[in-house]
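Visitor: Here's a sequence, model it:
(chains A, B and C)
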Amino acid sequence: MTTLWSGLSLGAVYALVALGYNVVFISSGIFNFAQASLLTLGTFFAYLGVVTLHLNPVLTILMATAGCLIVGLIEERVAIRPLSGKLSRAELVTTVGFAALIEGTIALIWGTVPLQVPFFGSTTVLTIFGGRIIPDSLVLIIFVIVLALALHVWYKYSLSGLASIAVAEDRVAAQLRGINVGRRSIVAFAMGGAIAGLAGILVAPQTYAISNLGDAIGLTAFIAFALGGTGSLLGATIGGLAVGIIEQEVARYVGSLYTNSILYVILLFILLVMPNGLFGRSTVRAI
Amino acid sequence: MNSATIKHVASRAFSLREGESGYGVFWPLLGLALLAFLPFSGLNIFWQTQLVLMIVYGLVVSGVNLTFGFAGELALGQVAIFAVTAYLSAYLMTHVVDDVIVALLAAIVASLIIGLFTGLPGLRIGGWALAMTSFFLVILIPDVVQMIPNITGGAQGFDAIPLPEIFGVQLSVAAMSTTAVVVFALWYLCFRNFVLSRHGRALKTLRQSPHLTASLGISVLRLKLLAYVAGAIPAGLAGVLFAATEGYIGPTTFSFTLVIGMIAGSIIGGNDSIYGAAVGGALLEYINYKSAAFSQYSLLVYGVILVLGGILTAHGLAGIARGFIARGVKWWPASKKSAVASTVTGDDATTTVTPQSASVKSNVTAKDIDVAIKLAMGDDVSNVPRPEHVLLVDEVVKEFGGVRALRGVSVAAKSGEITAIIGPNGSGKTTLLNVIAGVYKPEGGTVRLDGETLRLGRSHRVARVGVARTFQTPIIPNGMLAWEVVAVGRYQSEYVSIGQTVIRSPRFRRIRRDDRRLAVELLTNLGLGDYAYSPADAMPLPHRRLLEVARAIIRRPSVALFDEPAAGLDEGDLVTLVQVLRALASAGVAVILVEHNFGLVVEIADVIHVLNLGDVITSGPPAQIQNDPVVASIYLGNEPATTATAP
Amino acid sequence: MSLVVVGSMALTAVSFSASAGAAKAKSPFNVLMIVGTTGPVAPPSDAEIQATKAAAEVINSQGGILGHQVKVQVQNDNLDPTTALSELQSAESGSSKPNLVFAGTTSNETLAMLPTLTRDQTLSMELAGSGVFDDPYQFALPDYLPTQAQAMVQAIQKKYPTAKKIGIAITNDAFGTALLDAYEPAITAAGLTYSVQTFAPTATDVTPELQALQATNPDVLIASGYGAIGGYILQDRANLGWTVPVVGDGQEGSNNLPALVPASALVGVSLCIQNVSVYKPLSQQSKAFNTFFKATQKMGSKFTQSIVLYSLSYDDLMLTALAAKQAGSITGPAIAKALESLKQPKVKPYVSWATEGFTKKLHVEQAGAVDYTLASPYTKLGMNLPLGSK
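Guide: As a prediction, the model looks like this:
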């Protein structure tokens, strides 16, 4: 059971990044490699607030959310908008470049030694259903689920959210209906940043604030994203948590050398059977 | 081969102008020959190694270009293949036989197998999911390497890889560099000859639309596999050269940074360019190496270069270069092929094309068109009796989810007749067309052509049996000239093998000439002669419709399906369309027309079927349909009793 | 000839040429460090660089190596073996060939560079633990891993005499794998059994691996990982409520553990480290240590890393200078030969020297158990406090 909790804790981080991938993807069709780096930035903002400036948690969260949101906007302006209209899928390259920029800047400012960020709540280990988990991880898991539900509701029932989905389904048609497609993209990147910043104070106590956190997390979160189905928020959450659980259970009983391979085989198998992931929908393109 | 042919071939080879087959092959080969001698003429060991590393990058990037740039498949497993063949050849050269030819051959076989194997999922998965699964292979490499440490050297890596021999002669580092150049030159020739051919055009068509590709009778599955495998081979060659020259490979050698570097090389170099692969690869290799010099700023520098590189180069550096060359070529003495000097890419504003009028040239008479089409269909002008084709659609039922789009539709079409299918929006017209074309498999009913039941759901099979079609919105691939778009129609019927293509055999050359001649002739006779050598994707809608029609005609179909071809055409273009449709019918094709333009339909159709909500309401000759009150009420919404007839 | 005579002859040579005034300056003794100065291993690399430069300062103030001024040049290779090799090739092809190369932060880089170094007869020192000890011109300064492992096992047996089974939680990268290959036979030779769990250095949670170890009921746990992973091992152990005593090795000890985990996670944790790493006030340290310490401080170092990283790098250059003096030449082969049979001077310029030095067969320091000690994870000025203190 402890393994399960540890899998959920790890999976919550993957799910966070996968949610970020989805939020951006839904409204702009762009895959944002830099999402994991934004989460890393969030952990450093948390460090800045909690350890350096001794701010209370609420202020820290506000600062982190605002900070990462702004960086997300900068990314959209600098690395995405100049590409619009070109077919070359250059965002593969520019978002990775931006991720390197974030990581490089973090390393210059804070160095590359891992930095401890204490959790604002209790640090006594809890025992739930026979498994041990620290309060911070529990809060993180709950946060991710709540966030996913909130986003889901927003997309389905708010005009902004529906507008974003419209853009994803048919960009031209959305434009013809008066939806400001460019603004949807900006909103998407801002949201991606905000999600990363919001979660920073919860992730940092679990993982340390460390400049290369994004490298390992980002790629595994891919798998969660693809597994859950591109464009599906619930899918991203379930995918992320599932990947975390599988990873830790395999590490427990088989060996950590095999986690990536087993995850890969599972992903491949599921995609072959359901090419749009577990919850994704395919758009039937009229010809 | 007479002297004229030799002269022509030679002048093509030396040419610096981008002809239908790209730039001439002589100058690049000369450059490569010089490069091959360079290692022996004063290059120190650092530059000898850098040369090999740049070639390695260039090879892998060309593989990415093939699969991703030309075929549009987001299959990015080339670096994984590169890593596998690097380990394979390291093992071979250390423990089995230290010969570079053996290693290269083994690498080719391995990359064929792995390319096929890793490409198979791509047949089912597409888009970002495919990109991710192929990307992720690279992450598995350190793990797999450590699972079999005895073979691979495990976490410490495979060190002390000896420099190989060739035919028993030990290679020095300089000789190894020359070997790398030779390998690269051989691959470049194959790559170039493969891509600058009808195969390249087929790949570009696949990139644009798998539906279109299948409608031309081309097996999408087979073409995709070809793209994966072809893209795997250079990556495999690269692995051998890398292991042999570096002397060391380890799990940290094949990092995510390497993968991104290769992809960036493809995008920044120009991912649908042959030379862009080499330039992009070389550039990214050197950037990767030099960025380390910035020490703690190296990540920042690397990030800035990637972002800027991705932004500034829409078609990569190759696109920029093509622009310069095209401008430069304009000032050269004009030759009779001046029209050929226009660039192949459509997105750059560098073409020398005159602005196109919306209308097609209208000094082409109906007789001309009639003659042209008969010629295209392989007739001589005398009216020899043609085989009759009959298409029978029998009680076809098609459902989408809970919606019944077709509720048991039966229509017939015959050679020499124009059969029109009309009906209000949502009646199922296009669905019916798609069923006949084989795109959809119906829940019930059959379609038979000349007695044989069509394999519906497999549109390329249906296309091969003689069904041609156009699309509601013309699907015109990027990066091709107008005549090339038309010529793709002949890809399957006059198939040339890859081997013959690469060595430019006489059969290949003959068919290549025929492709161009027939396509240009057809376009000229349809009034588009001036635009035959223009980028097709920059053409206005009426021209693109006609292009699609030409593409259908050149296939010499038995049945031709037209999906709302009149939409967006003005009076003059409509006249041409009418002439074309009539000519086709009289040439023996069973023409099926889905149309909204009632006037047009009434003018040319022999039989009209009226569809409403998935059922055929009524069928008959135009006069009957015109006066049918039920039809009027469907269209106009009036009660049957109060309908007025059209004047 | 005694070292004093040699030394004074060298000094005489230097002063002679200095007083000659118009004599041409000798070519510099080029020290090239090809290491990874970016990413998580930047801090240890920086430590090595600072200490090496400090040693160069000290040597130069004493007249250089046989009159040649020592020049230290650093090139970053991003921990990539291919880049490392390219940089070495560039240096060897250039105008000022290196006299001494510090080859890589990880063994992957070292192994990539080794064939070129050997072919060019360039002297090289490595701190990466490549496992190659018979190359004619390469010398390794972290200890011979088998003796390091033996020291660890003996230290454990001394502190926990009733222990029968040792658990090992270790990274699966090159260095971790090499360490594990040394631990396993050492434990078996001592008549004990072991259980192992490995994980990637980039893992962010090792709870399952620790649980797997816990299920085998070890009496003592060896923890080995550099960077965040070193903290995760201890943190996750604490979260599991697992009270097994932990002995961290050199890799684990290179972390500033009190900065990574709260005090509750350091209960029952000790480190098996070299004697030089244990804290003694400067007044109780040797003269060489004081020289080293002050010189490295002058280079801007704040000793954020374990002191042994600094001292080993410092010693590398000191030993090279010593060997060059004894050989009377600065060529690679000459210094290499001298290193193999180094005569220990009365006044030692280096900070720590193992019981067994370089031999012809093994170009690596072979420390014995006597060179190691168990210390506290708490540090002062980069040195670990003796066990029991905070």
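
Visitor: Which residues are in contact with the nearest residue to residue B:287 once chain neighbours are set aside?
Guide: Excluding the flanking residues, the one nearest residue B:287 by C-beta to C-beta, 6 or more residues apart in numbering or on different chains is residue B:305, at 5.8 Å. Where C-beta positions appear, they are placed from N, C-alpha and C, glycine not excepted. By C-beta atoms under 8 Å, 6 or more residues apart in numbering or on different chains, the residues touching residue B:305 are A:97, B:287, B:291.

Visitor: in the host helix or strand of residue B:305, what counts as buried?
Guide: For residue B:305, the enclosing helix or strand under DSSP states H and E is helix B:298-312. The neighbour-count criterion (16 or more other C-beta atoms under 10 Å in any protein chain shown) identifies B:298-311 as the buried residues of helix B:298-312.

Visitor: Quick check: mean pLDDT of it?
Guide: Mean pLDDT, computed over helix B:298-312, is 88.

Visitor: Off-centre distance for that helix?
Guide: Mean C-alpha position of helix B:298-312 versus that of the full chain (C-alpha atoms, centre = their mean, to the nearest Å) differs by 30 Å.

Visitor: CA atoms only: put that helix into PDB for me.
Guide: Extracted in PDB, the C-alpha atoms of helix B:298-312 (Å, rounded to 0.1, in the frame of the first residue of the first chain):
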ATOM      1  CA  SER B 298      25.800  26.800 -22.400                       C
ATOM      2  CA  LEU B 299      22.200  25.900 -21.700                       C
ATOM      3  CA  LEU B 300      21.100  29.400 -22.300                       C
ATOM      4  CA  VAL B 301      23.100  29.700 -25.500                       C
ATOM      5  CA  TYR B 302      21.700  26.400 -26.800                       C
ATOM      6  CA  GLY B 303      18.200  27.500 -25.900                       C
ATOM      7  CA  VAL B 304      18.500  30.800 -27.700                       C
ATOM      8  CA  ILE B 305      19.900  29.100 -30.800                       C
ATOM      9  CA  LEU B 306      17.100  26.600 -30.900                       C
ATOM     10  CA  VAL B 307      14.400  29.200 -30.400                       C
ATOM     11  CA  LEU B 308      15.800  31.600 -33.000                       C
ATOM     12  CA  GLY B 309      16.600  28.800 -35.400                       C
ATOM     13  CA  GLY B 310      13.100  27.400 -35.300                       C
ATOM     14  CA  ILE B 311      11.600  30.800 -35.800                       C
ATOM     15  CA  LEU B 312      13.700  32.300 -38.500                       C
END
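
Visitor: where exactly do the strands run in the stretch 401-550 of chain B?
Guide: B:403-414, B:418-422, B:444-449, B:452-453, B:467-469 (DSSP state E, counting those that start in this stretch).

Visitor: Quick one: closest of these to residue C:135.
Guide: Of all these, strand B:467-469 sits nearest to residue C:135, with 70.2 Å by C-beta to C-beta.

Visitor: What is the closest one packed up against?
Guide: On a contact count with 3 or more C-beta pairs under 8 Å, 6 or more residues apart in numbering or on different chains; DSSP states H and E, strand B:467-469 meets helix B:541-553, strand B:559-563.

Visitor: who's in contact with it?
Guide: Contact with strand B:467-469 is made by B:215, B:433, B:436-438, B:449, B:454, B:463, B:489, B:551-553, B:555, B:557-563, as judged by C-beta under 8 Å, 6+ apart.

Visitor: Nearest to residue B:154 among the contacts of residue B:305?
Guide: Distance to residue B:154 across the contacts of residue B:305 (C-beta to C-beta) is lowest for residue B:291, with 28.7 Å.

Visitor: Confirm that the closest one sits in a strand.
Guide: No. Assigned with DSSP: H, G, I helix; E, B strand; the rest coil, residue B:291 falls outside any strand and is helix.

Visitor: ok, how many other residues are close to it?
Guide: Neighbour count of residue B:291, defined by other C-beta atoms under 10 Å in any protein chain shown: 24.

Visitor: need the contact list for it.
Guide: Residue B:291 neighbours (C-beta under 8 Å, 6+ apart): B:298, B:301-302, B:305, C:78.

Visitor: tell me the two of these that are most distant?
Guide: Longest span within the contacts of residue B:291, C-beta to C-beta: B:305 and C:78, 14.3 Å.

Visitor: sec struct for the spatially closest residue to residue C:330 that is not a sequence neighbour, please.
Guide: Computed as C-beta to C-beta, 6+ apart, the closest residue to residue C:330 that is not its neighbour in sequence is residue C:324, at 5.2 Å. Using three-state DSSP, the structure places residue C:324 in helix.
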